[in-house]
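[1] With the sequence up front, the predicted model follows.
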Amino acid sequence: MRTTGRQIPSAIGLALVLSVVPTQAGASELSAGVSLGWIQAGTAPRLAVGPHAGISWQMTREVVFRVHDLCSVVPPIQIGGAGVYNHASVELGYAWKSGDVSAGPSAAIYIMPACGSALCGRVAGMAVGGHAQTNAYVAGPLGVSVSANVDWVGGSSLVLPGHLSVLVVAGPVLRWSVK
């Protein structure tokens, strides 16, 4: 197996960031919840529901570094059947006592039904894109989370001629602080 010269420095850089960030950070925070919303891949929006979880580290008083995962299930109540769209993201954000907002790059793995202008089918693959999230804590550790993801679904697909998917979900979130 041959590696290119560009992959090795990228891997070293990623390993350095992942090893330095948690040790230089202050308190960490875990968050988890459920979400309900819609995903649009192709011409027809579909219901999306599922869990999400994340861990964040405070870099300074207001700046946070977050790793987040959002797994959305497309229920089989719609034409085309069930599907799964899983996002993982690495984000930088701003936090205050009763909330936070963050954004960053994401990667997704998916298998789900989708319809284009003239053809419907199942699509599967990997996609890269961006993730943005805001959390507002209204009763101590209990709050509301809103997430938005835009991914570039590559390849040559007759089902997805636009090559984009958009996922917007909202739901309750619970956080735990770890000192």
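    Received the coordinates, thanks.

[2] Touching, H68 and G93? I think so.
    No. H68 lies out of contact with G93 (C-beta atoms under 8 Å); the separation is 10.0 Å. C-beta here means a position set from N, CA and C on the backbone, and glycine is covered the same way.

[3] Quickly list what's touching both of those two.
    102, 133 (C-beta atoms under 8 Å, 6 or more residues apart in numbering).

[4] Show me what V63 bridges to in the sheet.
    On the basis of DSSP bridges, V63 is bridged to Y94.

[5] Same check on G42?
    Here G42, judged by DSSP bridges, has bridge partners C115.

[6] Likewise for V73?
    Assigned bridge partners for V73, using DSSP bridges, are V49, V84.

[7] Please list all residues in contact with it.
    48-50, 82-84.

[8] just the strands in the protein please.
    28-41, 45-58, 63-74, 83-96, 99-115, 120-139, 142-152, 164-178 (DSSP state E).

[9] which other helices and strands contact the fifth one?
    Packed against strand 99-115, as judged by 3 or more C-beta pairs under 8 Å, 6 or more residues apart in numbering; DSSP states H and E, are the following elements: strand 28-41, strand 45-58, strand 63-74, strand 83-96, strand 120-139, strand 142-152.

[10] Relative to G121, which of the contacts of V73 is nearest.
    Taking C-beta to C-beta as the measure, G121 lies nearest G83 of these, at 11.5 Å.

[11] pretty sure the closest one contacts I109?
    No. G83 lies out of contact with I109 (C-beta under 8 Å); the separation is 11.4 Å.

[12] Comparing those two, which residue is more hemmed in?
    Neighbour count, other C-beta atoms under 10 Å: between G83 and I109, G83 has more, with 23 against 14.

[13] who's in contact with the residue nearest to R122 when sequence neighbours are not counted?
    Excluding the flanking residues, the one nearest R122 by C-beta to C-beta, 6 or more residues apart in numbering is P113, at 5.6 Å. P113 is in contact with 46, 74, 78-81, 83, 120-123, counting by C-beta under 8 Å, 6+ apart.
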